[in-house]
Every structure is written in structure tokens, then in C-alpha cells.
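>>> got a sequence here, can you model it:
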Amino acid sequence: MYLSRQHAGRRPDSHQRSAREVYKRRNLVERCFNRLKQWRGIATRYNKTAQSYEAAVTLASLLMWAWHLTTEPELVA
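Residues are numbered from 1 along each chain as shown. Just a heads-up that it's a prediction; the model follows:
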């Protein structure tokens, strides 16, 4: 396949689009973990057993999700 000099060495646009989507998803997960770390018991892992730690993470996640559902985004005029 012949490529012009302008496009030589460049990645195709489809790669850039998929890279953006991967970055968006990764950023969302990282922000979620950072919010979970704000919970003192989760950040310091006071719960000794894996089962109680998992329960604390689940509870914190549910509370964050419920808060997200109840808050309405501000409308920009």
C-alpha cells in the first residue's frame, strides 16, 4: 500500500480514537479508586479479614453510586 509523505510514520485515526476511549475508561476507574481511598477504613484497611474489607468496599461503592444518582448536574444557561 502506498502512503504519501504526509502520512508516513503516523498512526491511523482509528488507533487514536481507540486510545482516547481506553484513556477515558482508565481515568474513570482511577478516579473511582481515589474516591474510595477517601474512606478512612478502606484506605488504612482496618478490617482484618478479606470478607469484611470487601464488604466495606462494596458499601462505600454503593453509597457513592447512590449519591451520584441523587445529585443533579448544574444546568449551564
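
>>> mind listing what's buried along the helix or strand bottoming out on mean pLDDT in the chain?
Of all helical and strand segments in the chain, the minimum by mean pLDDT, DSSP states H and E falls on helix 40-44, at a mean of 81. Within helix 40-44, the residues that qualify as buried by neighbour count (16 or more other Cβ atoms under 10 Å) are Ile42. (C-beta placed from N, C-alpha, C; glycine too.)

>>> pLDDT weak spots in this structure?
Judged against pLDDT under 70, the low-scoring parts of the chain cover residues 1-15, 47, 72-77.

>>> so which elements touch the top helix by length along it?
Taking residue count as the measure and DSSP state H as the definition, the longest helix of the chain comes out as helix 13-36. Helix 13-36 sits against helix 50-70, with contacts defined as 3 or more Cβ pairs under 8 Å, 6 or more residues apart in numbering; DSSP states H and E.

>>> give me the buried positions along the helix it packs on.
Within helix 50-70, the residues scored as buried using 16+ other Cβ under 10 Å are Ala56, Ala60.

>>> ok and it relative to helix 13-36, angle-wise?
Helix 50-70 and helix 13-36 meet at an angle of 110 degrees, taking axes from the mean of the first three to the mean of the last three Cα atoms, to 10 degrees as the criterion.

>>> and the closest residue to Ala43 other than its chain neighbours, how many neighbours?
Closest residue to Ala43 apart from its sequence neighbours, by Cβ to Cβ, 6 or more residues apart in numbering: Lys37 at 4.7 Å. By the criterion of other Cβ atoms under 10 Å, Lys37 has 12 neighbours.
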